[in-house]
Each structure stands twice: as structure tokens, then as C-alpha cells.
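Next come a sequence and a model predicted from it.
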Amino acid sequence: MLFPKRLAVQPSPPENIQTALLYQACKPADPDEFIKHINKVIDFTGLEFESTIHGHGRNFFIVGGGLYIQVEQSLNPLAAGGFHQTLSSPFTRISFPEAGEAVRSHTSHVLINIGKGIPMPAITGIDLPDAALSKGEFSIALTLAQVATNFFFHRAEPMAVHWGQSNILLSGKAYGALAQQPDPMPLYIHPSLFSSRAVVRGRQVIGFRTFGAAHFLGKEIVFNEAPVPLDWMLSRVYSFVGTMRERGELPPAGDSFGLSADEVIRISYNTPSPEDPEEFIGLSLERCPEFGIGDVEPNPSPVPQSAPPAPPQAAPQPRTDPPSGMRPSPPARPERRPYGSRTVFGKRRV
């Protein structure tokens, strides 16, 4: 008997993980206090950072287990250009309407960078890449980014937190709700929304393409348009990514999943093309009794003449003439160092 072939998960981790906390009044921390807290919280991992603190005053980095944590505590704002893509995202506008004001009005910040080896120096005209994180290092780096961000968050709640790995910008309150969760997928995945504006069963359809899922599965995900709430769709993607990451393999094309026996979400894989060179995982909702979706769907209501034919702006940058079905345009990836290259050298011993 032949069984459908499953695909081994081949993650594509980023080179580093960067987070930023935006304040009106930053509360700088002592490096000694920071390193003691980090080592205490991550003791369960077996990783320990060395007692040598590199840098001076508020700006420093520490190393341990082949990784580094770099911290910049500044009484100046970050450049607004580093937030352009996430502020252009419809998801940001929906989930954090005050995001633009937070970026414009913050006057100080804490910038955290997690990477492999030591931070690369800033050299005019040369952008030196960081060493690539392995799958295991990426998992540890995510934990370190969360622990380090939480340290400053609990000292003083920021106006906003930018999670660079997924280009997610959250209010301080929203980040606080996720701060203590292990593997908080809403931090790790940014949905790039699209819609044909068709109406099915009285609800406008919506779909999205992820940014961040490929860091775990090696491929981004496109959830085809469906007449269901966005939160419902996101919860299924979070569950899918978490489960496949743990299993280490992807289902074959044509397989399906759901969070209940009544749900059928069909899985497919696209063929890369010149218009969309990245391979992605396609998800199509076929059955969901909760929203009256079964094997036979009613014809979509025609789009009113007054409605523009183009879908909403895709995150994190505009899409033009988007193709329908399984081929929404891929979003632009965030800049590798959106805030510029900041490296602290020199050291002091504790």
C-alpha cells in the first residue's frame, strides 16, 4: 500500500531577532541587573551568559553559548523609516489603530538584538551579515528575545513593542497579554491581508499571506479567501504552524486538518512562478458548520458598483493588480536592520 509522501520541515530562520520598546520616558537598567535576571530565567535551558559585559553604560552586549544579546537604551527616538512597512500593514491598522501616533510621539527606546557569535560592527558603506541561526539556535533566540523584552517591559510598560522577526507592532497592553506565553505565535506571524470584496452568506471574504511562518516551516502560508472572521483563520494557522513545527514534517498535498471533527481545511502547495517565485503552503476552507460552510457554497454576491475592484492594501506594502485564488502577491520582507547597524564594542568586567 502506498501512503502519501510527507515533506520534512526545513526551517529558514532569520539571521537575528530584533525587538524595540518605544517609550515617552525610558527607564534605563543596569547591565549587571540585566545579566543576572537573564541567567536566572533561562536556567532551565542550560545556557548561561558570561559575566563579562561588553560596552559602556546603557549600551552593551553579553555572550554565552555562541549567542549574544545586544542592548541599546537611548533617550532618543528611533527613526520612523524603520516602521514604514509595519505601519503600512492593514493588520497593524486593525489591531493597533494608535500605532502611527506611538511611532511619531515616542521620545526614547530600548533596542534588543539577539544573534550568533558577536554583533557585527557598523562600517560605512558595508553591511556585514550576521552568522545564520540554526534551527535549535533560533528556538533559543526566540526565548532570549522574549525574556529580554519582558525584563524591560516589566520595569516600565512601553507605548509599543516592535517584534522584528515578524514585523509585528503591538501596543504595550497587547504585548503584555502575550509576554508570559510560551511560544506566542501571534508574535511570530504577521498576516498580509487581501480580499476580492466578494460577499458570501452576508460576510465579506478575507484571506492572508503570512510573514514569519517560513522561519519555522521553511514556507510561508496563504489562507485562501473565506467568509469567516480573521481571528478564526489566524487561530487555525497558529495551531498548524505549532503542530507541524513540533512534528518536523508537513502533510502531503490534498490532506486536511481542523480544530474539530467538523472542520475541513484543505492543504496544497503552489508551484513557484516568475510572478510569485516563493513556494508556499495553501490552505482552503472547505467545511465549517459554525459559519454554514459545506461542500456546496452559494454563489458570491456581486461586488457593488461603488466598491473599488482592488483589494485592500497588502501588508506590509501595497499590492497592485493582485491575482485571485491562491496567488496573492508576496509582501516585501522587512529590512534586515530596519533601525540601522548598531554595535557596541569594548568591555568591562564584573
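Happy to help now that I have it. Numbering: from 1, shown residues only.

Show me which helix runs longest in the protein.
Of all the segments of type helix in the chain, defined by DSSP state H, the longest one is helix 135-155.

Point out the other helices and strands that that one packs with.
Judged by 3 or more Cβ pairs under 8 Å, 6 or more residues apart in numbering; DSSP states H and E, helix 135-155 is in contact with strand 17-23, helix 31-41, strand 67-74, strand 108-116, strand 160-163, helix 172-178. From N, CA and C alone the C-beta is placed, and that goes for glycine too.

residue ranges with poor pLDDT in the stretch 101-250 of the chain?
By pLDDT under 70, the low-scoring segments of the stretch 101-250 of the chain are 121-130.

Tell me if I'm right that E279 and S273 touch.
No. Using Cβ atoms under 8 Å, E279 makes no contact with S273, being 10.1 Å away.

Chain neighbours aside, what residue packs nearest to the residue most central in space within the chain?
Nearest to the geometric centre of the chain sits S166, at 2.0 Å (Cα atoms, centre = their mean). Nearest residue to S166, sequence neighbours excluded (Cβ to Cβ, 6 or more residues apart in numbering): G212, at 3.7 Å.

what's the answer for L67, then?
Distances taken as Cβ to Cβ, 6+ apart place K116 nearest to L67, at 5.9 Å, with adjacent residues excluded.

List the contacts of the one you found.
If you count contacts by Cβ atoms under 8 Å, 6 or more residues apart in numbering, K116 has them with E15, N16, G66, L67, Y68, D130, A131, A132, L133, E137.

out of those residues, which is most surrounded?
N16 (26 neighbours; other Cβ atoms under 10 Å).

mind listing what's buried in stretch 136-153?
137-153 (16 or more other Cβ atoms under 10 Å).

With F240 as the reference, measure out to F280.
From F280 over to F240 the distance is 13 Å, taken as Cβ to Cβ, to the nearest Å.

what touches both of those two?
Both F280 and F240 are contacted by I221, under the criterion Cβ under 8 Å, 6+ apart.

So which residues make contact with the strand or helix carrying R266?
Secondary structure assigned from DSSP states H and E places R266 in strand 264-269. Here strand 264-269 makes contact (Cβ under 8 Å, 6+ apart) with 219, 236, 251-258, 279-288, 326.

give me the number of residues near I118?
17.

Backbone dihedrals for it, please?
Per-residue torsions, I118: phi -130, psi 160 (degrees, to the nearest 10).

so who does it touch?
By Cβ under 8 Å, 6+ apart, the contact set of I118 is H54, F61, V63, Y68.

which residues pair with the last one across the strands?
In this structure, Y68 has the following beta-bridge partners (DSSP bridges): V63, G115.

How about the contacts made by it?
So Y68 contacts F61, I62, N113, I114, G115, K116, G117, I118, P119 (Cβ under 8 Å, 6+ apart).

list the buried ones in stretch 249-259?
For stretch 249-259, by 16+ other Cβ under 10 Å, it's L250, P251, F257.

brain fart, stretch 21-39
So for stretch 21-39, counting by 16+ other Cβ under 10 Å, buried means L21, L22, Y23, C26, P28, A29, P31, F34, I35, H37, I38, N39.

Identify all contacting residues around it.
By Cβ under 8 Å, 6+ apart, the residues outside stretch 21-39 that reach it are 48-49, 51, 53, 55, 58, 60, 62, 69, 71, 73-75, 77-78, 102-103, 105-110, 112, 144, 147-149, 151-153, 155-156, 158-162, 350.

In terms of helix, strand or coil, where does the closest residue to A160 other than its chain neighbours fall?
Excluding the flanking residues, the one nearest A160 by Cβ to Cβ, 6+ apart is A102, at 4.1 Å. Secondary structure, DSSP: H, G, I helix; E, B strand; the rest coil: A102 is helix.

Next, the contact list for A102, please.
By Cβ under 8 Å, 6+ apart, the neighbours of A102 are L22, F96, M159, A160, L169, S171.

separation between it and Q24?
According to Cβ to Cβ, A102 stands 9 Å off from Q24.

any idea where the strands of the stretch 201-350 of the chain begin and end?
Per DSSP state E, counting those that start in this stretch, the stretch 201-350 of the chain carries strands over the ranges 203-204, 206-211, 220-226, 249-250, 256-257, 264-269, 280-287.

would you list the ones you listed in a markdown table and tack on distance to L193?
Putting those into a markdown table (distance: least, Cβ to Cβ, whole Å) gives the following:
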| stretch | distance to L193 |
| --- | --- |
| strand 203-204 | 12 |
| strand 206-211 | 5 |
| strand 220-226 | 10 |
| strand 249-250 | 24 |
| strand 256-257 | 22 |
| strand 264-269 | 18 |
| strand 280-287 | 15 |
